[in-house]
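*Asks:* Have a look at this fold, sequence not included:
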């Protein structure tokens, strides 16, 4: 129970610290628009909920809204790809995201395509270019190391025994 609490607390801290970090994003001019792309939380880790995010501004720096149904996003890893659903981030105009749980460490590529008003968009962003992080192995931040099934059972049995003793006291 405590370990789950610490994991949730750690993920929350990562989300809070990473939410405002667009420095680790790739920035491109597409027509008269500035498109920034990267992970919601940097660095990204395999097995931890994350997702790509896109910021779109016009040439005057104004956020461009209403693109969640017009722009399409596709993720690729090696030879496999999958369409993702973009959605607008609440109370953050011009900010779009998609949900993704990257399951393997390595380089991910994203194809953003469709229209921004009258400008056609067909851009590929890849973590291999170094503008945003590749997905890192969970072992880089996991502690203690993953326990075996038997060790987990023993740990749960010890917690149950402790709770039973507390109830009896």
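*Replies:* Yep, that arrived. No experiment lies behind these values; they were computed from the predicted model shown. Numbers count the residues shown, from 1 in each chain.

*Asks:* got a list of what residue 78 touches?
*Replies:* Listed by C-beta atoms under 8 Å, 6 or more residues apart in numbering, the contact partners of residue 78 are residue 106. Bear in mind the C-beta positions are built from the backbone N, C-alpha and C, glycine included.

*Asks:* and the gap between it and residue 45?
*Replies:* Computed with C-beta to C-beta, to the nearest Å, the distance linking residue 78 and residue 45 is 18 Å.

*Asks:* okay, and for the chain, where does confidence drop off?
*Replies:* 1-23, 145-149 (pLDDT under 70).

*Asks:* can you rerun that using 80?
*Replies:* 1-23, 143-152 (pLDDT under 80).

*Asks:* and residue 28, bridged to which residues?
*Replies:* Listed beta-bridge partners, residue 28: residue 35 (assigned using DSSP bridges).

*Asks:* list the contacts for it?
*Replies:* Counted by C-beta under 8 Å, 6+ apart, residue 28 has contacts 34, 35, 36, 37, 123.

*Asks:* Tell me who's in contact with the residue positioned nearest the centre of the chain.
*Replies:* In the chain, the C-alpha nearest the mean C-alpha coordinate belongs to residue 50, at 2.3 Å (C-alpha atoms, centre = their mean). Contacts for residue 50 (C-beta under 8 Å, 6+ apart) come out as 39, 40, 41, 44, 100, 101, 102.
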